[in-house]
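Trainee: Okay, predicted coordinates and the sequence, questions at the end:
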Amino acid sequence: MQLTLWTYEGPPHVGAMRIATAMKGLHYVLHAPQGDTYADLLFTMIERRSARPPVTYTTFQARDLGGDTAELFKTACNDAYERFQPQAMIVGASCTAELIQDDPGGLAKALALPIPVIPLELPSYQKKENWGAAETFYRIVRGLCAPGSRPAEINPRSCNILGPTALGFRHRDDLAEITRLLGRLGIAINVVAPLNATPADIARIPEAGFNVVLYPETAESAARWLEKTFNQPMTTVIPIGVSATREFVAQVATLAGVDASPVLEDEACRLPWYSRSVDSTYLTGKRVFIFGDATHAIAAARMAKEELGFDVVGLGTYSREFARPVREAAAKLGIEALITDDYLDVEAKVAELQVELVLGTQMERHIAKKLGVPCAVISAPVHVQDFPARYSPQMGFEGANVIFDTWVHPLMMGLEEHLIHMFRNDFEFNDSAAASHLGHGAAKHEPAPQAPGHAPVPNAAANAAEQASGWAPDAEKELQKVPFFVRGKARRNTERYALEKGVSLITVETLYDAKAHYSR
């Protein structure tokens, strides 16, 4: 284990809570000490839900460890059933309670409650949140879908939508967009799960013709079990971006046996035209770094490269279970994937690559702000501002429009700030004002704080900057003419060049010599 300030994923029981909170008629009894109820805040404060999660905690205290904590758990199960009358129950332990080895599954089974009780084995010290969500959903599907429950006659034009959860990045709006898209194709939706599904709905999943998997991190393991057990096909294309959405429509149409051309001929998407317009041509070739969960990171890399003309110089994920497809996507771009759950590694990579746009999680937003680089959020983990009240999908043709705006506007603002800076001596402008979209002090390039036990990350550019000599006033003034969003790169390159050439004082000539040197 490693002490850290930030973490991309919580423990696996938080993933289980995302499934329980998404569903209706399901209750989660969690064997946990007092204090582990912190996870409730993720849903009530971050996602802004109007009700707390359907979770009963045993909340044992230190003094209870000398007694029978197993009896506390059995009492909690009985009380939860009597109070909430759920259709089904899942039981498990938090990372702390796992250490006392009370076996929640065995204890709950001994109670013989008149509802399905599904035990969860979530190894808290080997796995994390997304795995916990996927394992929980898989166990629920496997526990409630009885063998032989697939009817002999199946409507091929029907499907289940699998994957949306509570605390998911734009899952609510993605679901609405994909539901509308499938409706235009004439495909009936049998069950959406886990979001808003009941245990009775889960039992009806085998009745559909095929499964639409929106988020593999959550639904792929369950969908593969359904494919193997009930011969129920699943989609493999994630509809994020114009090209991927068109491929998704074609794949779904093939599975359902319908004609996709009416939808493909009327896609109602403005991104292709916008990305070819005069206003967007200056964005071509922008250096972009992408990091997030595997599904969104891979989709973002494809969109950035193929649909917006960006130069993807970095791609990575914290989803170690999906490291292989991310590495494959990076290899197609001619780069090496960054697979890590340490934000300090990510920060060092962003600084090293000297990018012009960061697409990532809320952590990359903080990193980009510190480095003075524009940023857009594309993946969980996210904060409250990424659960907007407005309709803001990431999937489908409308999702592509939303993504275009989200990614391009920070760069457009960068151009605006540069123009304001060019005319900073005009009476209408104030040169002391910080960039409006980056926050106070965003242009400062300070080294990242190191977590305890972390060795400093080597950074040649930073070392060069520290050792380089000072700048002449006229050179410093000339540097201010460089657009702010690449000014840091110009400064670092010049200082490195001066260090290599043994220049004691950086002048205007040194600045332009360095520019010519690195432009070769």
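Mentor: All right, it came through fine.
Trainee: Quick check: beta-bridge partners of Val358?
Mentor: Phe289, Cys375 (DSSP bridges).
Trainee: quick one: it and Ala380, what's the gap?
Mentor: Per CB to CB, to the nearest Å, Val358 is found 16 Å from Ala380. To be clear about C-beta, it is placed using only N, CA and C from the backbone, and glycine gets the same treatment.
Trainee: who has more neighbours, those two?
Mentor: More crowded of Val358 and Ala380, by other CB atoms under 10 Å: Val358, with 26 against 23.
Trainee: Quick check, pLDDT for the more buried one.
Mentor: Per-residue confidence (pLDDT) for Val358: 96.
Trainee: what does Ala468 give?
Mentor: pLDDT at Ala468 comes out at 47.
Trainee: try the one 10 residues further on
Mentor: At Glu478, the pLDDT value in this model is 88.
Trainee: Show me where the stretch 251-400 of the chain has its helices.
Mentor: Taking DSSP state H, counting those that start in this stretch, the helices of the stretch 251-400 of the chain run over residues 261-264, 271-276, 294-302, 323-332, 343-353, 362-371, 396-422.
Trainee: Would you convert the ones you listed into a markdown table that also reports distance to Glu217?
Mentor: Below are those laid out as a markdown table (distance: least, CB to CB, whole Å):
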| stretch | distance to Glu217 |
| --- | --- |
| helix 261-264 | 27 |
| helix 271-276 | 25 |
| helix 294-302 | 6 |
| helix 323-332 | 11 |
| helix 343-353 | 19 |
| helix 362-371 | 17 |
| helix 396-422 | 18 |
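Trainee: Could you identify which of those helices has the lowest mean pLDDT?
Mentor: Looking at these, the weakest mean confidence is helix 271-276, a mean of 71.
Trainee: Of the helices of the stretch 251-400 of the chain, give the one that comes closest to Ile115.
Mentor: Among the helices of the stretch 251-400 of the chain, helix 294-302 comes nearest to Ile115, with 33.2 Å by CB to CB.
Trainee: and that closest one with helix 323-332, angle?
Mentor: Orientation note: helix 294-302 sits at an angle of 10 degrees relative to helix 323-332 (axes from the mean of the first three to the mean of the last three CA atoms, to 10 degrees).
Trainee: in this protein, which ranges drop under the pLDDT threshold?
Mentor: 1-5, 61-67, 275-282, 413-469, 483-485, 520 (pLDDT under 70).
Trainee: most centrally placed residue in it?
Mentor: Residue closest to the mean C-alpha point of the chain, counted by CA atoms, centre = their mean, is Ser379 at 2.3 Å.
Trainee: how far away is that residue from Glu328?
Mentor: Taken as CB to CB, the span from Ser379 to Glu328 is 18 Å.
Trainee: Then Ile205?
Mentor: For Ile205 relative to Glu328 (CB to CB), the value is 30 Å.
Trainee: Pick out whichever of the two has more residues nearby.
Mentor: Higher neighbour count among Ile205 and Glu328: Ile205, with 24 against 11, using other CB under 10 Å.
Trainee: Give me whichever of the helices of the stretch 251-400 of the chain is most buried.
Mentor: helix 294-302 (a mean of 26; mean count of other CB atoms under 10 Å).
Trainee: Quick one: list the elements packing against it.
Mentor: helix 216-230, helix 242-256, strand 287-292, strand 311-317, helix 323-332 (3 or more CB pairs under 8 Å, 6 or more residues apart in numbering; DSSP states H and E).
Trainee: which other helices and strands contact the third one?
Mentor: Here strand 287-292 touches helix 294-302, strand 311-317, helix 343-353, strand 357-360, helix 362-371, going by 3+ CB pairs under 8 Å, 6+ apart.
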